[in-house]
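Peer 1: One predicted model, sequence on top.
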Amino acid sequence: MVLLSIIIPVFNGLEHNLERCLDSIDASSRAGHGEIEVICVDDCSDDGVTARWLGRQSNVITMRTPRNLRQGGARNLGVEAARGRYITFIDQDDYYHPGALDAVLSRLDDFDGDLLVTDNIEETADGSMPMINPKLGFKDCSMMSPSEFIERNGVVYAPWRMFLNREVYLGNHLSFWPDTRLEDIDWGMRLLGCVRCMQFMPVTTVHWVRYPESTTGGISSTRGIVDDYLEACVRALSDAGANFPGNSKIEDFMALNFQYVLQYLFLTPHSVAEKSRMIETIPRGLDYHRLMKHLLAHPRATATLMNVGRPLWRMVGRLYRWRVRHRGY
């Protein structure tokens, strides 16, 4: 029986270390015994070689999207084909830590929760940033409800840290938003609202590798990514309010993400009118005092603010004044 399905969205994967990712899965002592299936969803690669290369891999199930759906849409297609009791996701340019999958599979053998959360290492492709390990470092490893997990540990949303019961995903229609970037923030918030019980396992699984050309690497200079980030945060705030009303940890988490949105927005080539329009769409359900305090502590954002003129400053002032009147969701 397939215990774990690993779903990998692929686009021109041979240019982005897909082989390293697959090798890290094959290194598991339980690979090749029918317990792990790997599903690569080719999201219309246009390099002329990735699709043919995937077709020759006997240990990989290969699918192809009908059109480019970005990571979220590719993941959805992969879940539809998955047979594992649990599913997880990894990006083509990341890879598993040695021994991590063996440890996780041993836990999943008798796991009776809906969601197992693990830790990760963060690194840069060029080695310019030291590895941050572990990234989360949560302390409470007991089985608990999502609300308890958030209070004791914190908010989690990255799909490559999670090992999720496939029936929970399917039964709650937990599809990712297709055709967009940064789709995992609101997906994680919806997921936490559907899970019965979850647990943190203090094992490092994924090496999350940051590249300058990746989605997160290019966010401060690309208009479309900031647009997608803002839309994802608005959706996530709505889901958070429905699933965890009045939860201070959720409010802190969402304020932090909107802080990042504003920082990136001030650094992108949007016009002042566009920036003002986008700020108007930020919901009034946040602790804006905290948001602005952290935003204005960011020197690059502050320097940019000084140069964008009074219209944007008036919008920021409005956000600040909303803080007392709009604490709820």
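Peer 2: Arrived safely.

Peer 1: which regions of this structure lie under the pLDDT threshold?
Peer 2: 128-133, 212-223, 266-273, 275-277, 279-329 (pLDDT under 70).

Peer 1: in what helix or strand does residue 149 lie?
Peer 2: Assigned by DSSP states H and E, residue 149 belongs to helix 146-152.

Peer 1: CA atoms only for that helix - export them in PDB, please.
Peer 2: C-alpha atoms of helix 146-152 as PDB (Å, rounded to 0.1, in the frame of the first residue of the first chain):
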ATOM      1  CA  PRO A 146      -5.300  23.500  15.200                       C
ATOM      2  CA  SER A 147      -6.300  26.200  17.700                       C
ATOM      3  CA  GLU A 148      -4.100  24.700  20.400                       C
ATOM      4  CA  PHE A 149      -1.300  24.300  17.900                       C
ATOM      5  CA  ILE A 150      -1.400  27.900  16.900                       C
ATOM      6  CA  GLU A 151      -1.500  29.100  20.500                       C
ATOM      7  CA  ARG A 152       1.400  26.800  21.700                       C
END
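
Peer 1: Residue 202: how many residues sit nearby?
Peer 2: 13 (other C-beta atoms under 10 Å). Heads up, the C-betas are built off the backbone N, CA and C, glycines and all.

Peer 1: Check residue 62 too.
Peer 2: Using other C-beta under 10 Å: residue 62 sits among 16 other residues.

Peer 1: where along the protein do the strands fall?
Peer 2: 4-10, 36-42, 61-64, 86-89, 95-96, 115-124, 162-165, 198-210 (DSSP state E).

Peer 1: Give the other helices and strands that the shortest one contacts.
Peer 2: So that's strand 95-96. helix 18-26, strand 198-210 (3 or more C-beta pairs under 8 Å, 6 or more residues apart in numbering; DSSP states H and E).

Peer 1: Over to the fourth one?
Peer 2: With contacts defined as 3+ C-beta pairs under 8 Å, 6+ apart, the secondary structure elements packing on strand 86-89 are strand 4-10, strand 162-165, helix 166-171.

Peer 1: Next, report how far the first one is displaced from the centre of its chain.
Peer 2: On the basis of C-alpha atoms, centre = their mean, to the nearest Å, strand 4-10 is displaced by 15 Å from the centre of the chain it belongs to.

Peer 1: Also the last one?
Peer 2: Here the centre of helix 166-171 is set off from its chain's centre by 18 Å, with C-alpha atoms, centre = their mean.

Peer 1: Same check on the shortest one?
Peer 2: Between the mean C-alpha location of strand 162-165 and the chain-wide mean there is a distance of 14 Å, by C-alpha atoms, centre = their mean.

Peer 1: could you redo the helices and strands packed on strand 95-96 as TSV and give each row distance to residue 120?
Peer 2: Listed next are those as TSV, based on distance: least, C-beta to C-beta, whole Å:
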stretch	distance to residue 120
helix 18-26	13
strand 198-210	5
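
Peer 1: Run the chain-centre distance for the helix holding residue 149.
Peer 2: So, by C-alpha atoms, centre = their mean, the centroid of helix 146-152 is 19 Å from its chain's centroid.

Peer 1: Once you drop chain neighbours, what's closest to residue 69?
Peer 2: What sits nearest to residue 69 in space, not counting adjacent residues and going by C-beta to C-beta, 6 or more residues apart in numbering, is residue 178, at 4.5 Å.

Peer 1: I'd like to know which of the helices and strands packed on strand 95-96 lies nearest to residue 47.
Peer 2: helix 18-26 (11.1 Å; C-beta to C-beta).

Peer 1: hmm, who's touching that closest one?
Peer 2: 6, 8, 10, 31-32, 36, 38, 40, 50, 57, 59-60, 90-98, 101 (C-beta atoms under 8 Å, 6 or more residues apart in numbering).

Peer 1: which residues touch residue 62?
Peer 2: Residue 62 neighbours (C-beta under 8 Å, 6+ apart): 39, 40, 42, 54, 55.

Peer 1: Kindly report the same for residue 227.
Peer 2: residue 278.

Peer 1: on that earlier part again, out of the contacts of residue 62, who's nearest residue 209?
Peer 2: residue 40 (17.8 Å).

Peer 1: And the closest one, how far from residue 155?
Peer 2: Residue 40 is 29 Å from residue 155, where distance means C-beta to C-beta, to the nearest Å.

Peer 1: re earlier: show me how to select, in PyMOL, the buried members of the contacts of helix 18-26.
Peer 2: One line in PyMOL is enough to select the buried ones among the contacts of helix 18-26; burial here means 16 or more other C-beta atoms under 10 Å:
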select buried, resi 6+8+10+31+36+38+40+50+60+90+91+92+93+94+95+96+97+101
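
Peer 1: helices and strands around the helix holding residue 149, which ones?
Peer 2: By 3+ C-beta pairs under 8 Å, 6+ apart, helix 146-152 packs against helix 184-192, strand 198-210, helix 248-267.

Peer 1: repeat that with 10 Å
Peer 2: strand 115-124, helix 184-192, strand 198-210, helix 223-243, helix 248-267 (3 or more C-beta pairs under 10 Å, 6 or more residues apart in numbering; DSSP states H and E).

Peer 1: All set now, cheers.
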